[in-house]
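K.L.:
Turn this into a model:
(chains A and B)
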Amino acid sequence: MAGWKFMSDVEQVENRSPRDIDVVTFYLSHPPLDTTKILTDFPEFVSSDMSKTKYKTDHYIVDVTYSPFVIVENTRYWLQLFTHCRNNGVWRGMLRLELNTDVDDQQALTILNDLENELVSRN
Amino acid sequence: MSLFREIESLKSEIVDTEQIYALSKEHPLMSIGLKERLEHLKSKMESMPKESFEPKIQLLFSGGAVIGSQGIKSSFVSKALNPLQEMIKTQTALVRFGNVSKRGRQKKSKKAELYLTSLPIGSFGIELSQLESDDLLEAHDVSVAMKQVMDIVQNSCLGDDQFESMIENTPRRNLSNLKTFLEEVKNENSVIKMESGKRDLRCQKSVLRRHFQGYLLLK
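P.N.:
Just a heads-up that it's a prediction; the model follows:
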């Protein structure tokens, strides 16, 4: 597939496949989330170890209803971490995706399925 | 990135993560991922090698030779790099063969050639690496030589006793290269910071100037 790579191009630069994708979810807990239910039914949402193992996603969360100071500090922390390559300081990009966008999600799924079918038919 | 820089970066990330974890510790969900991240970073720190023998050296300059993190005078780089590279070559010969000739051309060694591989910032500097070696022992020797050159430069910036001891124990060929290197640094009123493997050093302007004058008197 031809195209521009927006994020750090490890396939080219480090000659390897990406190990995972880094994701930070900023979410509203109004009404308050059922903590026990999340920990039982979807522990990958809160545990980066589990999300990395199951989905290859290094996932963290920020509850934007918790405390203004915590939001500011989290924003600073994740921005400085993910907007630069650690080894050379070069800028890299982040994508911001809205959640609960059913129509967009369906379109994305269609595109991914088309790509998958195209790859299968080539091979 | 040098091992020293990697460890410093990791330390800073651990401190930052500890702060963010402390702020979110009471949150039943946010705290879980941050705690795991902190443990992961600490475990990574424990697994870092105690010493690196990568044949790579970084030099950062401040003062007249640079403009902040934006750039470095090309004329300064061209004058300062040659004596430094010669010092590393001489020390590599010393590490490998135990002695070096006092003057004249050194044995030709394409593999001891260093390449400019990066322009590190904070302030501004250069990184030199040995690229052509597929011989681990040779890479090790060059790496040891780089650290010895750092010792020579560092002893030029310490007290009089260390300075005199350095003069006595350094090959004459390298004293001459050291003089040229320090002269270029002094002329630009610069501060040098050097890193290789886990080692780092910083030479202040005033100390450098004092010892450089002392060295000229000894000559």
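
K.L.:
contact partners of the lengthiest helix in chain B?
P.N.:
Longest helix in chain B by number of residues, with DSSP state H as the criterion: helix B:74-97. Outside helix B:74-97, the residues within contact range by C-beta atoms under 8 Å, 6 or more residues apart in numbering or on different chains are B:57, B:59, B:61, B:65, B:99-100, B:106-107, B:109, B:112, B:114, B:116, B:126, B:128, B:138, B:141-142, B:144-146, B:148-149, B:152, B:171, B:173-174, B:177-178, B:180-181, B:184-185, B:188. Just so you know, the C-beta spots here come from the backbone N, C-alpha and C atoms, and that holds for glycine as well.

K.L.:
quick one: low-confidence parts of the chain?
P.N.:
Here I'm looking at chain A. Judged against pLDDT under 70, the low-scoring parts of chain A cover residues A:1-9, A:87-89.

K.L.:
other chain: chain B
P.N.:
Using pLDDT under 70, chain B drops low at B:1-2, B:99-112, B:132-136, B:205-219.

K.L.:
interface residues of it facing chain A?
P.N.:
Contact residues (C-beta under 8 Å from any C-beta of the partner chain) of chain B with chain A: B:1, B:6, B:9, B:13, B:16-17, B:19-20, B:23-24, B:27-30, B:32-34, B:36-37, B:40, B:118, B:121.

K.L.:
since we're on B:Pro55, how many residues are nearby?
P.N.:
For B:Pro55, the neighbour count with other C-beta atoms under 10 Å in any protein chain shown is 26.

K.L.:
Excluding chain neighbours, what is closest to the residue positioned nearest the centre of chain A?
P.N.:
Among the residues of chain A, the one closest to the centroid is A:Val23, at 2.7 Å (C-alpha atoms, centre = their mean). Closest residue to A:Val23 apart from its sequence neighbours, by C-beta to C-beta, 6 or more residues apart in numbering or on different chains: A:His59 at 4.7 Å.

K.L.:
what about that neighbour, which SS state?
P.N.:
Under DSSP: H, G, I helix; E, B strand; the rest coil, A:His59 falls in the strand class.

K.L.:
quick one: it and B:Glu36 touch, right?
P.N.:
No: assessed by C-beta atoms under 8 Å, A:His59 is found out of contact with B:Glu36, at 10.5 Å.

K.L.:
Name the residues contacting each of the two.
P.N.:
Contacts common to A:His59 and B:Glu36, judged by C-beta under 8 Å, 6+ apart, are A:Ser48.

K.L.:
Neighbour count: these two, which is higher?
P.N.:
Shown here are A:His59 and B:Glu36; by other C-beta under 10 Å, A:His59 has more neighbours (22 against 19).

K.L.:
can you list the residues of chain A near chain B?
P.N.:
Counting by C-beta under 8 Å from any C-beta, the residues of chain A near chain B are A:33, A:35, A:38-39, A:45-49, A:59-63, A:66-67, A:69-70, A:73-74, A:77, A:81, A:86-89.

K.L.:
List the ones among those residues that fall in helices.
P.N.:
Secondary structure assignment (DSSP H) places A:35, A:38-39, A:48-49, A:69-70, A:73-74, A:77, A:81 from the residues of chain A next to chain B within helices.
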